[in-house]
Structure formats: C-alpha cells, structure tokens
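Asker: Sequence and predicted structure below; questions after.
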Amino acid sequence: MIPTNDNSQQLQANAPLRPFQLVWLALAVFVVSAGYGALAPLLPTWLKQFMVDSDANELAKHVGYLSAAYSAGVLIGAPLWGIVSDRLGPIRVLLAGLVGYVLSVIALLRPDFLGVFGLYAMRWTTGFFVAAVIPVVSAIVARYTPPATRSRHFAWLGAMSLLGFLFGPAFNLFLERANPWILARGIQPWPVVNTVILASALLGAIIMVGLAAALPSDAAAEKTNKPIRSVSAEPSGPGILWLINATVMFVLAGFELGLVLEAGKNWSLQDISVMFAECSLVMLLIDGALFFTNLLDRVSPRKVLLVALVVAVAGLGLLAFDTSGEWRYIGVSLTSAGTGVALPTISFLAAGLSPSRLGATMGGLAATSGLGQTFGSALAGWLFSVSAISSFAWLAAPLVAIVSWLAVKPDESVISSLTEPVQVINKLHDESQP
C-alpha cells in the first residue's frame, strides 16, 4: 500500500513495524507451513486416485519424488529471491511469492489435466514461491525491528511456523470426521485433498490481500521506516551461520528419520506418534519461552547457542545409550529442546547483519536448511540400516565439532562480532542515527 491514500495505514517516521503488520507477516508464515503440513500426508491417497495402474512401491516412489521436487524448489528459490529482495525490495517479493503460491496450489485441483510431469512442476513451483515467503518475512522483520525486540519477533515467527505444521494434519483429521456428518444430511462432500488444496489457496489469497493493505510499498517503507542498523559483520559471517544452520538441520532431519526407522524394532507406531507430538510441543514451548523472556536480549546469543547444542548432544547420547522406558522420551525432549533453541538463535544472529543484504542472508539460511535436511535424511537412512540406535551417537558428531569450535575459538570467529550484549548494539544503533 502506498501511503498517499487518506484511508491508508501509514507507518510513523522511523518507527518499527506495527503489531497488526507483524500479525499479517506471521500469518503468511503460518499459511504456507499449514499448506505443506496438510497436503504432504494426503499425497499417497491422492496419487492413487488417478494412477490406478501403479502399485504401492510405484506410488511411494512418486510421493518421495514429489516431496523432493518441493524441497528442490525451496533450495533453488531461497537464495535467488533473497538477492532479488535486496535489489527490488522485500515487500514486492513477498507479495509476488504469495501470488505464485496461490496459483501453483490451485492448479493441483486438476491433476488429470496436469499429468504426472505437470504435478512435479507444480510442486517444484510451490516450493520455489514458498522460498519467497518465509525467508523474506524474516528479512522484513529483521530490517524494520529494533534490536531490543528482534528476538521476541523471531521467536514468534518460529512459533507460527510450528503451529502451521501442527494445524495442517489437524485440519485433515477434522475434514475426515466431518465428511460422515455431511453425508448423513444428503450432501456429497468434496474429497479431503481437494478441500485442503482450495483452503490453502484461499487462505493464501486472503493473506496476500491483507499484506498488500497492511504494508507500505518498498519505496514508502524506505522513506518512512528506515532500516534498523545493526552491527555489521565481515563478509564471511553469513557463510559461517549458513554452515551452522545446515549442520543443525542435518542432525534434526536425521534424528526425526531415525525415530521413524525405529518403528517396528524397539518402538511401536504409537510410540513414534507420541514422540513426534512431543518434538513439536517441546519446540513450540521453547519458542514461547524465547518470546516471553527475551533471552537472546539478556544473554550472549553465542552462549545460548553453545548450551543449546550441548543439550541436543546429550539428548542424542541418551537415545544411543538406551531406547527403552522413560529415557527415550527424555532423549527426544532434550534433542528437540536443543535444536529448538539453536535454530531461532541462528536466525537472530543473521538478523544482526547489514540491512542491505538481509534478503540474501535469510534466503541463504532457508537454502541451507533444505540442503541440510536433504542430506540428513539420506544419510540417516543408511546409518540406521547398518548401526541401528548407535546412529544417534553418530548424528551427534557434527554438533560436537561445532560446540568445540565455538568454545575454543570464540574470539576468532565472526559470530563473536554478532554476539555482543544488546546494550552495545543499542548504543551503536543510537550513535548511528542522524
């Protein structure tokens, strides 16, 4: 929205984002996360409807490939959209991402028209445009948020993403329970997958319109809402954060796949379901704790990251030592808590970079997340096939390496330039203002 309309919501000069603007940005993250979480479990049943000649193995292969196509779209799109947002403005890129997301999702209503290769193209396209939403939202929040409240806002974005992933499967369950009730009243309900697709597209369109009305244009934002200056880092700073981020996501993906592969061996399917719910709830509680306590503003983020990684290593060690009784749940909780603290801390550190390259930095974080997740899942499949539960200990090795590096050489790392107390950041920010 260009702030020349008398009815428009204008930003005050040099003011941070307003609460209603943060709500719309967080809803954008929620919607794309919920869309993925709702559609992914339905892919096998959905494909079976128009691939009637394919057996179970063939369908499983296509489900895996479709998921990989989505991840590839995110991996390729995230750095590209980040660079474009730094050049053309993040708000314009965010709206373009939502437009592409809505169109690519609604096209799935006609899988018979698209064909198999068309489905792959649409899933890739959806991932490509989602990469213009989540990292760009993070860049906008980092760009126009004072350091004193930045950690709270990043924790909020993380919580909304987790809520989206939880909401998606819950929405599927609601639709399945509602269909018999609709049939009992003589109404023929839509297939669940079609309802999910339409709801995802509709919610995406609503968020797109809401953001267009709530946010100013990029030019107006630069004029009325100057970027909050932060402590700049050396050029290699983002690369180090990307490496740590990829490593944490590598371990998290391997850890989650390891839980799945233990089904039928040491744990039942019910145990696995409980553990995954435990993972999501622990991470959600962690984000809530970061939101309410402003921990990253009170304690050096480097120390928080160190402790978080040590906790994750302890959790993986417990799982490698014993997968029976209560120890397995303690191990799952510690691993989830450690990674749940580490990921938003990394995002917070990335937000301390120069505002002129926030888009590229956040895009790089999203890309390295996808890269780490892809390799983590692939390697974990092999690890757990040859060394069973001891693979949890092998997964801890990369985290041990990062902990050792951060603990032994903090003064020589670029991260140390980003982890000064918040009072120093605020002082530099105040001195940099005209």
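Answerer: Structure received.

Asker: Residue nearest the middle of the chain, spatially speaking?
Answerer: Among the residues of the chain, the one closest to the centroid is residue 161, at 6.0 Å (Cα atoms, centre = their mean).

Asker: Low-confidence bits of the stretch 101-250 of the chain, can you list those?
Answerer: 188-189, 217-238 (pLDDT under 70).

Asker: Now do the helices in it.
Answerer: 111-130, 134-143, 147-183, 192-214, 218-224, 237-261 (DSSP state H, counting those that start in this stretch).

Asker: Please work out which of those helices is packed deepest.
Answerer: helix 134-143 (a mean of 28; mean count of other Cβ atoms under 10 Å). The C-beta positions use only the backbone N, C-alpha and C, and glycine is treated the same way.

Asker: Contacts for that helix next, please.
Answerer: Contact with helix 134-143 is made by 17, 22, 25-26, 28-29, 32-33, 78, 81-82, 85, 90-91, 93-94, 97, 150, 153-154, 157, 161, 227-228, 347, 350-351, 355, 358-359, 361-363, 365-366, as judged by Cβ atoms under 8 Å, 6 or more residues apart in numbering.

Asker: now the helix or strand harbouring residue 66 against helix 237-261, angle please.
Answerer: Using DSSP states H and E, residue 66 maps to helix 56-88. Using axes from the mean of the first three to the mean of the last three Cα atoms, to 10 degrees, the direction of helix 56-88 lies 160 degrees away from that of helix 237-261.

Asker: what packs against helix 56-88?
Answerer: Contacting helix 56-88 under the criterion 3 or more Cβ pairs under 8 Å, 6 or more residues apart in numbering; DSSP states H and E are the following elements: helix 43-50, helix 90-106, helix 111-130, helix 134-143, helix 358-387.

Asker: That one - what's its average pLDDT?
Answerer: Mean pLDDT, computed over helix 56-88, is 81.

Asker: Tell me which residues of it come out buried.
Answerer: By neighbour count with 16 or more other Cβ atoms under 10 Å, helix 56-88 contains the buried residues 59, 62-63, 66-86.

Asker: how much distance is there from it to the middle of the chain?
Answerer: 13 Å (Cα atoms, centre = their mean, to the nearest Å).

Asker: cool, and stretch 136-147?
Answerer: Per Cα atoms, centre = their mean, the centroid offset for stretch 136-147 relative to its chain is 15 Å.

Asker: before we move on, what about stretch 149-166?
Answerer: With Cα atoms, centre = their mean, you get 9 Å for stretch 149-166.

Asker: Next, the residues that contact that stretch from outside, please.
Answerer: By Cβ under 8 Å, 6+ apart, stretch 149-166 touches 16, 22, 25-27, 29-37, 134, 137-138, 141-142, 145, 280, 283-284, 287-288, 290-291, 294-297, 343-344, 347-348, 351.

Asker: Let's see which of those residues end up in helices.
Answerer: Judged by DSSP state H, the contacts of stretch 149-166 include 22, 25-27, 29-37, 134, 137-138, 141-142, 280, 283-284, 287-288, 290-291, 295-297, 343-344, 347-348 as members of helices.

Asker: Show the buried residues in these.
Answerer: 22, 25-27, 29-37, 134, 137-138, 141-142, 280, 283-284, 287, 290-291, 295-297, 343-344, 347-348.

Asker: quick one, what contacts the closest residue to residue 360 other than its chain neighbours?
Answerer: Once flanking residues are discounted, residue 360 sits nearest to residue 82: 4.3 Å by Cβ to Cβ, 6 or more residues apart in numbering. Contacts were defined as Cβ under 8 Å, 6+ apart; by that measure residue 82 touches 135-136, 139, 359-364, 366.

Asker: CA atoms of stretch 285-293 as PDB?
Answerer: Coordinates of each C-alpha in stretch 285-293 appear next as PDB, following Å, rounded to 0.1, in the frame of the first residue of the first chain:
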ATOM      1  CA  LEU A 285       7.200 -24.300  24.200                       C
ATOM      2  CA  ILE A 286      10.800 -23.300  23.500                       C
ATOM      3  CA  ASP A 287       9.700 -20.600  21.100                       C
ATOM      4  CA  GLY A 288       7.200 -19.500  23.600                       C
ATOM      5  CA  ALA A 289       9.900 -19.200  26.300                       C
ATOM      6  CA  LEU A 290      12.100 -17.200  23.900                       C
ATOM      7  CA  PHE A 291       9.100 -15.000  23.100                       C
ATOM      8  CA  PHE A 292       8.200 -14.100  26.800                       C
ATOM      9  CA  THR A 293      11.700 -14.000  28.300                       C
END
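
Asker: Residue 193: which of the helices and strands packed on helix 56-88 is closest?
Answerer: helix 43-50 (4.5 Å; Cβ to Cβ).

Asker: my guess is residue 308 contacts residue 338, does it?
Answerer: Yes - contact criterion Cβ atoms under 8 Å: residue 308 and residue 338 qualify, at 4.8 Å.

Asker: now the end-to-end length of stretch 179-199.
Answerer: 16 Å (Cα to Cα, to the nearest Å).
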